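J.: Compute the structure for the input listed below.
(one chain, ligands or ions: 2)
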Amino acid sequence: MTSNNTFTMIKPDAMADGHMGKILAHIQAAGFRFKALKMTRLSQAQAEAFYAVHAARPFYGELVAFMSSGPVLAAVLEKDQAVADFRTLIGATNPEQAAEGTIRKLYARSIGENAVHGSDSDENAAIEAAFFFSGLEQA
Ligand code: ADP
Ligand code: MG
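T.: Ligands and ions are numbered 1, 2, ... in the order given. Below is the predicted model of the structure:
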């Protein structure tokens, strides 16, 4: 199986709650390699653009406000089956429904403030990585 990439963000709730280091260790222990890593803060316009696919959803305004409310840690991760394996590692969108031991079960506050983002396809992983990182920054 060829290695491929996914994109993640540690969201403002987990950053504010002091979970950044534990989440990074959890990701590394699961066999992902960090190809790029950046702490930054999204403006409202940047959060709107990143989540444009959800613009019609009722929670879009709340999501944009939350994602621009504080720093995030953005990363490109490499592993065999990166997208699927990372979705398994983070668990369901709603932490109440996430499997035991998943990052969202352990660290998320709620369905909206759910600790981490994970790409849902190889195509979106590439788009999302390029939103945050240049090719040169993905070692
Ligand atoms: P996932 O992050 O698991 O791929 P989605 O792509 O469906 O989930 O939604 C994107 C993000 O929007 C979620 O991670 C969460 O932060 C937020 N969100 C999703 N559903 C809801 C909801 N019902 N109420 C509030 N926020 C939500
Ligand atoms: Mg999604």
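J.: For this structure, which residues are neighbours of ligand 1?
T.: The chain comes close to ligand 1 at residues H54, F59, E62, L63, T93, I111, G112, N114, H117, D120, as judged by C-beta under 6 Å from any ligand atom. For the C-beta atoms, the positions are set from N, CA and C on the backbone; glycine is no exception.
J.: K79 is in contact with L89, isn't it?
T.: No - counting by C-beta atoms under 8 Å, K79 does not reach L89; the two are 9.7 Å apart.
J.: Who has more neighbours out of these two?
T.: A count of neighbours by other C-beta atoms under 10 Å puts L89 above the other of K79 and L89, at 24 against 20.
J.: pLDDT wise, what is that one at?
T.: Among the per-residue scores, L89 holds a pLDDT of 99.
J.: Now for K79 and L89: what residues contact both?
T.: A30 (C-beta atoms under 8 Å, 6 or more residues apart in numbering).
J.: So for this structure, which residue is the most central one in space?
T.: H117 (2.3 Å; C-alpha atoms, centre = their mean).
J.: Could you grab the helix/strand/coil label for it?
T.: Using DSSP: H, G, I helix; E, B strand; the rest coil, the secondary structure recorded for H117 is strand.
J.: before we move on, back to that, got a winner among the residues of the chain next to ligand 1 for most neighbours?
T.: Most neighbours among those, by other C-beta under 10 Å: N114, with 23 neighbours.
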